[in-house]
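1. sharing a model that was predicted from the sequence below.
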Amino acid sequence: MNKLKLILALSFWFLLTAVSCNRDEISFDAPSQLLRFSADTVFLDTVYNQVRSETYAVKIYNDEDKDVMIPKISLQNGSSSLYRINVDGKAGTDFTNIPLRKKDSLYIFVEIAPVANAPEAIAEERIQFQTPAGSQHVTLFSVVQDAEFFIQTDTNPNILSNNTNWTNEKAKIIFGDLTLEEGKTLDIQKGTKIYFHKNSGLNISKNAKLNVFGELNQEVIFRGDRNDPRYDTIPKNWNGIKFDTGSTLTMNYAKVFGGTRGLEMNETEATINNTIIHTFQEFGIFAVKSNLNASNLVMNNCGEAALGIFKGGTYTLTHATLANYWDFNSALPGLGIYATNEYQNGTALENGPLTLKVNNSIIYGSAENMVELKPISGQTFTTEFNYSLLKYGTKATYATANSIKNQDPKFVNYFTQKMNLRLQEDSPAKGKGSSSYVSGSTLKDIVGVTRTNPPTIGAYQ
């Protein structure tokens, strides 16, 4: 037994010695070839003062048949850089003697957390690599904006208690709910960007007014605060804009996307022109007994419906494109329009008269019946679909006039990653609208193109 223990002990000692010797024998040489990178330039998301970006990664490859020691990796601007990097698990701005095994790779993680003094600036930096084979670099690039913060806390209810005017000099970043006080007005000027943190939203109180004064190519943006482009096509990044009883919305040239409910209107007077609303978990517009007049409206990618109508009201859509190709959750119907006289208000089931008019518009998408109407007995329920392109199945009970049924409108690209709901030249909607619905805000399409006679159906000429 003692002999066996001696043999095992000696075996362990020899093994440990062998491992130690092998480890000591590893040598790292100076690189004789240039390093290879996963990207020459890293474009980080737009960031705001005192807000960190997401973390991005650059991969370094050693293509040589030997282990190498990289003499130096550093940020060009050193400790004064707006960027920070992490090399081999260590954070900083300057690193020396970084080992990299043969045919292996190494990650460098990058983020930016600037303090901006200018309304908008370009933050450009370089990660520099110095080896005997030559100097190399990877460019880092980000847009930095100054920002104004609205933060709800236990001691700060986050209320706009005066008439307020927002301009595009600073982005607006909202944490929690921001509330416009009853009877007050919020004006938002062209080019202004409003960003909402997770579970945040904007509340427009009773008899208050929201006026959005965007212009073509200077739209007002409402979206989540995660600026990486992939979040443009993901819902539930924020809650939405909620309107209380008697509130008023005037919206021109806005882009609203990436939340739970886009515009939640409760007995609201709303005029919406030249606006794109997309990628909401539930509804792009959720309207309860409201009056909505919309033209050149584009909607897509909403789980329940692009437009949901409850408890009646009056709704007119002219030259609208309501596409819906929802694919996040197959349990949700992904409708174009859902309309009913009823509304479950807490424990009470309420209803009211409803009028819906759709003119020169496209309602199309993945669902078999893109318009679902639920009239309630004893209540007025009036619908008109004039000179429109509609997708609907055999269960549809509504009438249409001079409309196109179940023909693919041939969008250029309906996927939200590269969404372009313009129509291809051979679209059946080309030149099939009625000029009787072309006046005022619809004389031009959503991108400023003058409509022909007869006009093309939808928001785009």
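-> Yep, it's here.
2. in the sheet, who's paired with residue 126?
-> Under DSSP bridges, the beta-bridge partners of residue 126 are residue 139.
3. and it, what does it touch?
-> Contact analysis of residue 126 by CB atoms under 8 Å, 6 or more residues apart in numbering lists 75-76, 137-140. For every residue, glycine as well, the C-beta is placed using N, CA and C.
4. what pLDDT does it get?
-> Per-residue confidence at residue 126 stands at 97 (pLDDT).
5. distance check, it against residue 135.
-> Separation of residue 126 from residue 135 (CB to CB, to the nearest Å): 10 Å.
6. same question for stretch 102-111, mean pLDDT?
-> 95.
7. hmm, who's touching that stretch?
-> So stretch 102-111 is contacted by 42, 44, 52-68, 73, 83-88, 98, 100, 127, 138, 140 (CB under 8 Å, 6+ apart).
8. okay, now the unreliable bits of this protein?
-> 1-26, 115-120, 395-397 (pLDDT under 70).
9. sec struct for the most centrally placed residue in the chain, please.
-> Closest residue to the average C-alpha location of the chain: residue 232 at 2.5 Å, with CA atoms, centre = their mean. Classification of residue 232 using DSSP: H, G, I helix; E, B strand; the rest coil returns helix.
10. I'd say it and residue 257 touch.
-> Yes - shown here, residue 232 and residue 257 form a contact pair, counting by CB atoms under 8 Å, at 6.6 Å.
11. list residues touching both of those two?
-> Common neighbours of residue 232 and residue 257 (CB under 8 Å, 6+ apart) are 223, 279.
12. kindly export stretch 48-61 (C-alpha atoms) in CSV.
-> C-alpha atoms of stretch 48-61 as CSV (Å, rounded to 0.1, in the frame of the first residue of the first chain):
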residue,chain,number,x,y,z
TYR,A,48,-26.1,62.0,-25.1
ASN,A,49,-24.2,63.8,-22.4
GLN,A,50,-23.8,61.7,-19.3
VAL,A,51,-25.4,58.6,-20.9
ARG,A,52,-23.3,55.6,-21.8
SER,A,53,-23.6,53.8,-25.1
GLU,A,54,-24.1,50.1,-25.4
THR,A,55,-20.9,48.0,-25.5
TYR,A,56,-19.5,47.2,-29.0
ALA,A,57,-16.9,44.7,-29.9
VAL,A,58,-13.9,44.6,-32.2
LYS,A,59,-12.1,41.3,-32.8
ILE,A,60,-8.3,41.1,-33.4
TYR,A,61,-7.0,38.0,-35.2
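13. now do that stretch: distance to the chain's middle.
-> Taking CA atoms, centre = their mean, to the nearest Å, one finds stretch 48-61 lying 19 Å from the centre of the chain it belongs to.
14. how about stretch 226-233?
-> For stretch 226-233, the distance to the chain centre is 5 Å (CA atoms, centre = their mean).
15. kindly report the same for stretch 64-81.
-> For stretch 64-81, the distance to the chain centre is 36 Å (CA atoms, centre = their mean).
16. in it, what counts as buried?
-> 64, 67-68, 70, 73-75, 81 (16 or more other CB atoms under 10 Å).
17. what do you get for stretch 314-332?
-> 314-326, 332.
18. still on that earlier bit, take the contacts of residue 126 and write them to CSV, including distance to residue 347.
-> Below are the contacts of residue 126 laid out as CSV (distance: CB to CB, whole Å):
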residue, distance to residue 347
75, 61
76, 64
137, 65
138, 60
139, 60
140, 56
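19. in these, find the pair that's most separated.
-> Using CB to CB, the pair of these lying farthest apart is 75 and 139, separated by 11.6 Å.
20. need the residues touching each of these two.
-> In contact with both residue 75 and residue 139: 125-126, using CB under 8 Å, 6+ apart.
21. tell me who's in contact with the residue nearest to the centre of the chain.
-> Taking CB under 8 Å, 6+ apart as the criterion, residue 232 is in contact with 223, 257-258, 279, 416-417.
22. what's the PyMOL syntax to select whichever of those residues are buried?
-> The command below creates a PyMOL selection of those among the contacts of residue 232 that count as buried (16+ other CB under 10 Å):
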select buried, resi 223+257+258+279+416
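23. of the contacts of residue 232, which belong to strands?
-> 223, 257-258, 279 (DSSP state E).
24. helix, strand or coil for the nearest residue to residue 68 once chain neighbours are set aside?
-> Distances taken as CB to CB, 6 or more residues apart in numbering place residue 31 nearest to residue 68, at 4.4 Å, with adjacent residues excluded. Using three-state DSSP, the structure places residue 31 in coil.
25. burial count for residue 31?
-> 21 (other CB atoms under 10 Å).
26. that one is in contact with residue 132, isn't it?
-> Yes - counting by CB under 8 Å, residue 31 does reach residue 132; the two are 6.5 Å apart.
27. buried residues in stretch 270-280, which are they?
-> Those buried within stretch 270-280 under the rule 16+ other CB under 10 Å are 270-280.
28. please apply the same query to stretch 37-47.
-> 37, 42, 44-47.
29. nearest to residue 435, of those?
-> Closest approach between those and residue 435, by CB to CB: residue 46, at 42.1 Å.
30. residue contacts, that closest one?
-> Counting by CB under 8 Å, 6+ apart, residue 46 makes contact with 142-145, 227.
31. just the buried ones from the residues you listed, in PyMOL syntax?
-> Selection of buried members from these for PyMOL, criterion 16+ other CB under 10 Å:
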select buried, resi 142+143+144+145+227
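32. tell me the two of the contacts of residue 46 that are most distant?
-> Most distant of the contacts of residue 46, by CB to CB, are 144 and 227, 11.3 Å apart.
33. need the residues touching each of the two.
-> In contact with both residue 144 and residue 227: 46-47, using CB under 8 Å, 6+ apart.
34. quick one, phi psi at residue 282?
-> The phi/psi pair for residue 282 (degrees, to the nearest 10) reads phi -110, psi -80.
35. quick one: contacts for it?
-> Taking CB under 8 Å, 6+ apart, we find residue 282 in contact with 260-261, 302-304, 308.
36. okay if I get those residues as CSV plus distance to residue 353 and neighbour count?
-> CSV is the format used below for the contacts of residue 282 (distance: CB to CB, whole Å; neighbours: other CB atoms under 10 Å):
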residue, distance to residue 353, neighbour count
260, 28, 19
261, 24, 22
302, 25, 32
303, 28, 23
304, 23, 20
308, 17, 22
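37. tell me which of these is nearest to residue 424?
-> The closest of the contacts of residue 282, once distances to residue 424 are taken by CB to CB, is residue 302, at 23.5 Å.
38. what sits against the closest one?
-> Residue 302 neighbours (CB under 8 Å, 6+ apart): 262, 278-284, 324, 326, 334.
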